[in-house]
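> Below are the sequence and a predicted model for it; my questions follow.
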Amino acid sequence: MLAVGIVAVCAVLLVLAFLVLRLSRHPERGAQRSLGAGSRAAGKAPGPLGRWLAKPFHSGSRAVGRSGSAGRRARGRMPF
């Protein structure tokens, strides 16, 4: 469920970053903020369980950042 949501957010951010460069930053930061909050909450579990539960949120946050930057980079390389 979490993976499907992250893939959907990444796809929307990729398209949004490609079409409207400046308006893509606010949704990207919001998605990263919410994933960071989930990671912090899951990381409070004791021991290795906390690291294991926080890992999908951390990976998702990195994926959101990469998809936004990839859309902006692709837009910058367009000839028009």
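Arrived safely, thanks for sending. Residues are numbered from 1 along each chain as shown.
> Only C-alpha atoms from now on, for both contacts and neighbour counts.
Noted.
> where's the residue nearest the centre of the chain, which helix or strand?
For the chain, the residue nearest the mean C-alpha position is Val64 (2.0 Å; Cα atoms, centre = their mean). If you go by DSSP states H and E, Val64 is part of helix 48-77.
> Need the mean per-residue confidence for that helix.
Helix 48-77 shows a mean pLDDT of 92.
> Start the count at 46 instead of 1 going forward.
Taking 46 as the first residue, the last one we looked at is helix 93-122.
> Just the buried positions in it, please.
By 16 or more other Cα atoms under 10 Å, the buried positions in helix 93-122 come out as 95-96, 98-99, 101-103, 105-106, 108-117, 120.
> Let me know how buried Ala76 is, in neighbour terms.
20 (other Cα atoms under 10 Å).
> quick one: contacts for it?
54, 106, 109 (Cα atoms under 8 Å, 6 or more residues apart in numbering).
> any idea how far it lies from Phe102?
Computed as Cα to Cα, to the nearest Å, the Ala76 to Phe102 distance reads 11 Å.
> Same question for Cys55.
Distance, Cys55 to Phe102, by Cα to Cα: 13 Å.
> Just put the contacts of Ala76 in CSV and tack on distance to Gly88.
As requested, the contacts of Ala76 are arranged in CSV below (distance: Cα to Cα, whole Å):
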residue, distance to Gly88
Val54, 22
Ser106, 15
Val109, 20
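> Excluding covalently adjacent residues, which one is nearest to the residue nearest to the centre of the chain?
Leaving aside its chain neighbours, Val109 sits nearest to Cys55 (5.3 Å; criterion: Cα to Cα, 6 or more residues apart in numbering).
> before we move on, what about Gly105?
In space, Gly105 is closest to Ile51, 6.1 Å off (Cα to Cα, 6+ apart).
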